[in-house]
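Got a sequence here, can you model it:
(3 chains)
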Amino acid sequence: MKKKIITIFMASMLAVTSLAGCASSESEKGGEDKAKEEGKSEEGDREITIWCWDTSDNGKNMNAGFTEATGIKVNMVAVESKDMTQKLQTTLASGGEMPDVAWLEATYRGKLLSLDIWEDITKDPYNFDTSQVLDYLLPLETAESGQYVGPECPSVAGMAYKRELAKEYLGTDDPAELETMLSDWDSFIEKGKEVKEKSGGKVFMLSSIGAAGQMLMGQSTEPFVDGDKINLETSMKPIFEKLIEMKQAGIVDVLDFSSAEEGASYAGDSDIFYPCANWSVEFTIKPNDKDGKGRWGFMLPPGGPFPWGGTVMGVPKAAKNKEAAAEYVKFMFGSEKGATLQRDCKGNFSPFKPVYEQDDFYSREDEYFAGQDVLQAIAQEVMPNIKGVREPSKYDQDINDAYNLALKTINASVDGSITADELIASMTDELLTKQPDLEK
Amino acid sequence: MTKKSAPYAMILPYFLLYIAFGLFPILFSLGVSFTSWDGIGEMTFVGLKNYVRVFTQDKYFYKSLWNTLILLGISTPIQITLGLLTATFLKDFFKKTQNGLQLINFLPYITTPVAVGIIFQLMFDWKSGVVNAFLNLFGAESVYWLGHAWTARAVVIFMLIWKNYGYKMIMFLSGLSTIPDELYEAAKIDGASWWARFTKITIPLLKPIFVFVIITSVINGFKLFDEPQLLFNSAGQPTGGPDRSVMTVVMKFYDSSFKNFEFGYGSALAYCLFLVIAAASLVLFRVVNGKKKED
Amino acid sequence: MKKTVWIGKIPLYLFMLVLSVCALLPFYMMIVMGTHYSEDLYTGVKLFFGKYFVENFHAVMRQNFLLYYANSLIVACCNTIGGLLVSALAGYAFAKYDFRGKKPLFAMIVATLAIPQQLGLVGFVMEMRWIGMNNTLFPLIVSGMANAFGVFWMRQFIESSVPDEIIESGRVDGCREFGIFFRLIMPIIRPALITIFLLFFLWSWNNYMTPLVMISDQKYYTIPLSIALISSEYRTDYAARILALSMGTIPILILFSFGSKYLIRGLVAGSVKG
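All right, here's what the predicted structure looks like:
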């Protein structure tokens, strides 16, 4: 009896699980058939799997261009940027199947780069040529051990502004004039006070403390952690001091940075300036300000342009199709064809130096920006003027989290009645608690 | 199969499944908690070092425990009261519409937590949230709900109450339906008011269900993770909210294990939480169950 | 007389009304939000349906949503039915038999209620690696199948709602022990089975953590994981995600609308003893 019951139970479980298997293998077949029809090639069944967070049609089209050129199929698996670390880690720990290419986002990258799990694609047989990569990017893509992990599209930023508001409160909507007027942060704050007075406190220079912080952080290169030593005093303190100054001057709106409510403010008319990366144009400004044609302008921010974001392509050592993966990386990030696909499908810039020798490779008049050629401005004014980058560290994630916490504190303090010293002290304390290896 | 061996056969599947997929992983984690391991490299045995770190070095362990206690301590009594009141009202006054009202009040419990996180973020937004819009109607100032320690806690507490009172209501409804109607009828004939009936009959007779509800709420409360995590999940938000005021112990465990690659330390944290829960449930059981003898 | 009773109840009705509105509002907002253009959600309070449903629906369906739906269904059904049988059998044994070790064994089960389920997550991942079941639906199906809560409730329910005479009469008629359980007991405890079914199904359906850690192969994604697919590189389509989540709530909603009255009946007798 006992046996019978267990057998029946097990049998029914098996039946159900195998049913599950059938259902999914069928749909899998469907997918394969489709793929086969699209990319018949002599190479046979070469396919790579990419873990990424853009499985949109744009991404698919771009990869289709690669399949067409090489016959290698691309299978995209959606993993959110914030889940990538965990996903890679558990897959490694559990011996699961690793992707052939993984996307490593800027905030979470430091820790991931520091792990000894990436294939060196500059070596034989891959031979990815880093001399063709924009120089400023290299430190961002190199592990603390000195190993080069993989390329990324340059993500750089200037500042966008609402023309109407600039004209009304600053007297001009011409980028060059604004750049001269707001050449450094002190003049930015002074002008901000005038704007505040003129508008009766209704119009702000920036929408969030975090927006100012993003620019200031990007413009400095001093490391937050130097080896095992916390280095916030020289790196973070000046940033906090400026932020508190802005808060006290009342020139910054109270929204949370990169929150949905900040997104909504793009269409409003109480905040003038926004940090604006190359990807912000298509993905932040246009979706958030649907009727904003002609409303926008693009300029270099006080203190100059800065790097913002970026996603490194890592090829794990444990990947199955490393050579095909390297081919993908070389094609997308080390060839003009790839650069064209990146540009046309996603509006991405390429790290491939030669394309910047053509003046009009990145050029498009943008009606959102009243005909301003933002692409060209980014390629020719922003990119060459990036002064340097802060090297990724395995503590980036902790630092970023503690920094976000400090931003909240500044934002919630009614009139900026908090000192940079207090913030640094609690941030240091926080880092020491989380990472006992660190020293003060 | 004889009457003697049958019960063993009946509990066998449970224990087999539990040992295979419940106990084994837990014991494995116990082993891991004495090591330093990032899940990828070699495991190194470090003895009690992780536990020492939890109790002596990591002030966030205490902070997260304190946060958990606050959230749980405030929300649980309200959930239970609200659940009990709704249940009694439904039974006494809304007989006809009971099924519908029951479902409505149970809806929050079945809504996917991921959606709840997004919706509450929106509702308690400083600038565009419906809650502040409502406050403004009465001339009150907008509140930076998700920006201050205590208001963030208040939002999480509200979320917890909102989500769980329906579940408590169902539990109490089931308890109520076991109380014989004759008792109430007799009391009515004696002229007892509704309130008297509620306090003299309902509450005492519901005691067993109170014990169950309180103990499971406390246990589940200690395991709190979803609500605060999802509320501060979007980019640019610090883990655990402003001043880490809603960081719970399980969040801390998740952070250590799956964000910082510290499987060993994370497991030690989880075991410490388990110790706290076990101690709390024992004490509670004694207190709530009082003189009642075990059956 | 009647009128005063009615008036006296006004605060009561108000209380119920306010509470029901509070309960419904976020749920209603979820449905409404799925019909708006994502970036519009934050420009003001949206209390009415928008015009963007079709586009959002397309965004959801582009991602093979039906497959993830099917995965979720398979996992939830297998997990629930398996868990139900296991709990009912064990609960029955603990309620109606006397056997050596009964008390300590039951105490052990109750004690496991206090263990945070995340505790064993790391070990579970490793275990699945050793038996080669990573990246299948198997770990999702078996995780939590041995549910202490289920055994506890089943025992309480059976103890108080199944008269011993039925079991005895079954034995007299020559039924074997398991026969008694399946033929005589199961029909009696149907309300409890339905209750546990609903709760197990709900918990399995909404589970996020286990699939997040266990599944990296997209063809085995479940609904909570799949909403991550609905986005592009720099833009998160919240509206479409919420629509996907609302669509994911439909089966649960249907199950609970039908099962609502059982939910209570099933918990009824279980609650007599604490």
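
how far is the helix or strand hosting residue B:69 from where the chain is centred?
Assigned by DSSP states H and E, residue B:69 belongs to helix B:59-93. How far helix B:59-93 lies from its chain's middle: 8 Å, per Cα atoms, centre = their mean, to the nearest Å.

What residues of the helix or strand that comes right after it count as buried?
Sequence-wise, the next helix or strand downstream of helix B:59-93 (DSSP H and E) is helix B:98-110. Neighbour-count burial for helix B:98-110 flags B:98, B:99, B:101, B:102, B:103, B:104, B:105, B:106, B:107, B:108, B:109, B:110 (criterion: 16 or more other Cβ atoms under 10 Å in any protein chain shown). Where you see a C-beta, it was placed from the backbone N, CA and C, and this is true even at glycine.

Next, see if the helix holding residue B:69 gets close to chain C.
Yes: against chain C, helix B:59-93 shows contacts by Cβ under 8 Å from any Cβ of the partner chain at B:82, B:85, B:86, B:89, B:93.

Now that the first one has come up, it's in contact with residue B:161, right?
Yes: in this structure, residue B:82 sits in contact with residue B:161. The criterion is Cβ atoms under 8 Å, and the distance is 6.7 Å.

Filtering the buried residues of helix B:98-110 by proximity to chain C, which remain?
B:99, B:101, B:102, B:103, B:104, B:105, B:106, B:107, B:108, B:109, B:110.

residues contacting the closest residue in space to the fourth one that isn't next to it in sequence?
Nearest non-adjacent residue to residue B:103, counting by Cβ to Cβ, 6 or more residues apart in numbering or on different chains: residue C:260, 4.9 Å away. The contact partners of residue C:260, taken as Cβ atoms under 8 Å, 6 or more residues apart in numbering or on different chains, are B:99, B:102, B:103, B:106.

residue contacts, the last one?
Listed by Cβ under 8 Å, 6+ apart, the contact partners of residue B:106 are B:166, B:167, B:169, B:170, C:256, C:260, C:263.

close enough to count as contact, the third one and residue B:80?
No: with contact defined as Cβ under 8 Å, residue B:169 does not reach residue B:80; the gap is 9.9 Å.

Same drill for those two, tell me which one is more crowded.
The residue with more neighbours, out of residue B:169 and residue B:80, is residue B:169; 28 against 21, by other Cβ atoms under 10 Å in any protein chain shown.

How many residues are close by residue C:24?
14.

Need the per-residue pLDDT for it.
Confidence at residue C:24, expressed as pLDDT, is 88.

Would you agree it is in contact with residue B:104?
Yes: counting by Cβ under 8 Å, residue B:104 is a contact partner of residue C:24 at 5.9 Å.

Dead centre of chain A: give me the residue that sits there.
residue A:309 (2.8 Å; Cα atoms, centre = their mean).

Doesn't it belong to a strand?
No: counting by DSSP: H, G, I helix; E, B strand; the rest coil, residue A:309 is not found in a strand; it is coil.

Verify the stated contact: it with residue A:279.
Yes: at 6.8 Å, residue A:309 counts as touching residue A:279 under the criterion of Cβ under 8 Å.

Now list whatever residues contact both of those two.
Common neighbours of residue A:309 and residue A:279 (Cβ under 8 Å, 6+ apart) are residue A:155.

still on that earlier bit, so which elements touch the helix holding residue B:69?
helix A:420-434, helix B:98-110, helix B:149-176, helix B:207-222, helix B:249-254, helix B:263-289, helix C:10-33 (3 or more Cβ pairs under 8 Å, 6 or more residues apart in numbering or on different chains; DSSP states H and E).

So which other helices or strands are in contact with whichever helix or strand residue A:87 is part of?
Using DSSP H and E, residue A:87 maps to helix A:84-94. Judged by 3+ Cβ pairs under 8 Å, 6+ apart, the packing partners of helix A:84-94 are strand A:47-52, strand A:101-105, helix A:106-114, helix C:121-130, helix C:209-214.

Cool, thanks, signing off.
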